[in-house]
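Participant: Okay, sequence plus prediction incoming.
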Amino acid sequence: MKKSNFIQSVGNTPLIYLESLSKLTGCEIYGKAEFMNPGGSVKDRAALGMIRQAEKDGRLKPGGLIVEGTSGNTGIGLALIGNILGYKTKITIPNNQAPEKIDTMRGMGAEVLLIPPATYPDPANYRKVAERIAKEEGGYYINQFDNQANYMAHYKTTGPEIWEQSDQQVTGFVCAIGTGGTLAGISKFLKEKNPKIQVGCTDPVGSSMYNYFTRGVAEVTPGETISEGIGQGVVTENVRPCEVDHAFQLSDQNILDMVHYIVRTEGLFVGSSTGANLCGAYLMARKLGPGNRIVTILCDSGQKYISKIFNPAFLQSKSLRLDGSGDHLFPALDQIAKSQTSKRVSPVA
């Protein structure tokens, strides 16, 4: 029997056929089960790739300190891989993120600093704080947003897995943007294999990626989102390589409805970023028409968000309703498919 350690267990996740969404659209829709990575999310791949590249470049020395600003999942992957390889991990995270993720990182031995929310240009922003700590303490600042080892991890692993698991017949791929690494790496690989493959981005209100891909300007739309780990206000170095043909803008209610619908119909208990991805898969199926084979990412488990998107009191405080029947979801998504542009323009430099 071949034995694998934690690091060797990252990747090679299954591709799951999503029967309910497939029947609704006439397409074959699949989800890459990244919640089955050992750290519980798609971010394990990026964490491993960025650490290994830093070691290769000599920027991370034995016994060194890893420092990163994260909404949670990347921090979990860094902490676990750091433990195996002998690194200490210090994480900065906005204090409005799910407490489940904060407790998880601390339980794994990471030092976690809670930072009040601030826009990226503000020196008090959690990412700026992480960068400053790394300089002051001689640590290595991972900088997952601009570290291109992030997207290369998906180019080298996730993209090839999707290509082979789909029998080289994938015609569409779609996911949301956090750092941009997942979308950039996978889209780059798949389009090299077949330039006709269509790539989509789903974006929550309050982010700028929809405007970036449809208007060429990274202008933030009014509003805010409860979705964690997605919704980017700036164009990162991992966003720039993204090859996107279609962009869709979603409300929190769209995303929430999908999260609750999919657990009832498919038995998949997922977080809000996955909800956005599944909405995107449905919308892309509507755009491309029946007969296509579309893949998206099942990022992580809903267990990390019990206190938020599965908490009726929290949802009520945000004026969100809890209804997983699909009665509200699919008419709303069909309207998005009809009304929103999918034409890509050249971004303004």
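Facilitator: Okay, I see it.
Participant: which residues of the stretch 151-300 of the chain score low on pLDDT?
Facilitator: Low-confidence segments of the stretch 151-300 of the chain (pLDDT under 70): none present.
Participant: Strands along that one, start to end?
Facilitator: Using DSSP state E, counting those that start in this stretch, the strands of the stretch 151-300 of the chain run over residues 172-176, 198-204, 246-250, 293-298.
Participant: in the third one, what's buried?
Facilitator: It refers to strand 246-250. Within strand 246-250, the residues that count as buried by 16 or more other CB atoms under 10 Å are His246, Ala247, Phe248, Gln249, Leu250. C-beta here means a position set from N, CA and C on the backbone, and glycine is covered the same way.
Participant: Roughly how far does the fourth one sit from Cys279?
Facilitator: Read it as Gln249. 10 Å (CB to CB, to the nearest Å).
Participant: Give the intersection of the neighbour lists for the two.
Facilitator: Thr202 (CB atoms under 8 Å, 6 or more residues apart in numbering).
Participant: Between the two ends of stretch 325-333, how far is it?
Facilitator: 14 Å (CA to CA, to the nearest Å).
Participant: ok, now which ones touch Val244?
Facilitator: For Val244, the contacting residues are Leu183, Ser187, Val199, Gly200, Cys201, Phe213, Arg344, by CB under 8 Å, 6+ apart.
Participant: got the contact list for the second one?
Facilitator: With contact taken as CB under 8 Å, 6+ apart, Ser187 is in contact with Gly159, Phe173, Val199, Cys242, Glu243, Val244.
Participant: what comes up buried for the helix or strand containing Ala47?
Facilitator: Assessed by DSSP states H and E, Ala47 sits inside helix 43-57. Neighbour counts over helix 43-57 (16+ other CB under 10 Å) mark 43-55 as buried.
Participant: now the next helix or strand after that helix: how far from the chain's centre is it?
Facilitator: Using DSSP H and E, the helix or strand that follows helix 43-57 in sequence is strand 65-69. On the basis of CA atoms, centre = their mean, to the nearest Å, strand 65-69 is displaced by 19 Å from the centre of the chain it belongs to.
Participant: And the contacts of the helix or strand that strand 65-69 is followed by?
Facilitator: As assigned by DSSP H and E, the chain's next helix or strand after strand 65-69 is helix 73-85. Applying CB under 8 Å, 6+ apart, the external contacts of helix 73-85 come out as 5-7, 37-48, 51, 66, 68, 70, 88-89, 91, 93, 101, 104-105, 108-110, 112, 142, 144, 179, 229, 299-300, 304.
Participant: Just these: which are in helices?
Facilitator: Lys43, Asp44, Arg45, Ala46, Ala47, Leu48, Ile51, Lys101, Thr104, Met105 (DSSP state H).
Participant: which ones are touching the second one?
Facilitator: If I follow you right, that is Asp44. So Asp44 contacts Val10, Gly11, Glu34, Asn37, Pro38, Ile76, Gly77, Leu80, Ile81 (CB under 8 Å, 6+ apart).
Participant: now do Gln168
Facilitator: Applying CB under 8 Å, 6+ apart, the residues near Gln168 are Lys193.
Participant: separation between it and Asn12?
Facilitator: Distance, Gln168 to Asn12, by CB to CB: 17 Å.
Participant: Show me the residue sitting in the middle of the chain in space.
Facilitator: Gly178 (5.1 Å; CA atoms, centre = their mean).
Participant: Stretch 33-40: end-to-end distance?
Facilitator: 10 Å.
Participant: ok, longest helix in the chain?
Facilitator: Assignment by DSSP H; longest helix in the chain turns out to be helix 272-288.
Participant: Report the angle between that one and strand 198-204.
Facilitator: Taking axes from the mean of the first three to the mean of the last three CA atoms, to 10 degrees, one finds helix 272-288 and strand 198-204 inclined to each other by 130 degrees.
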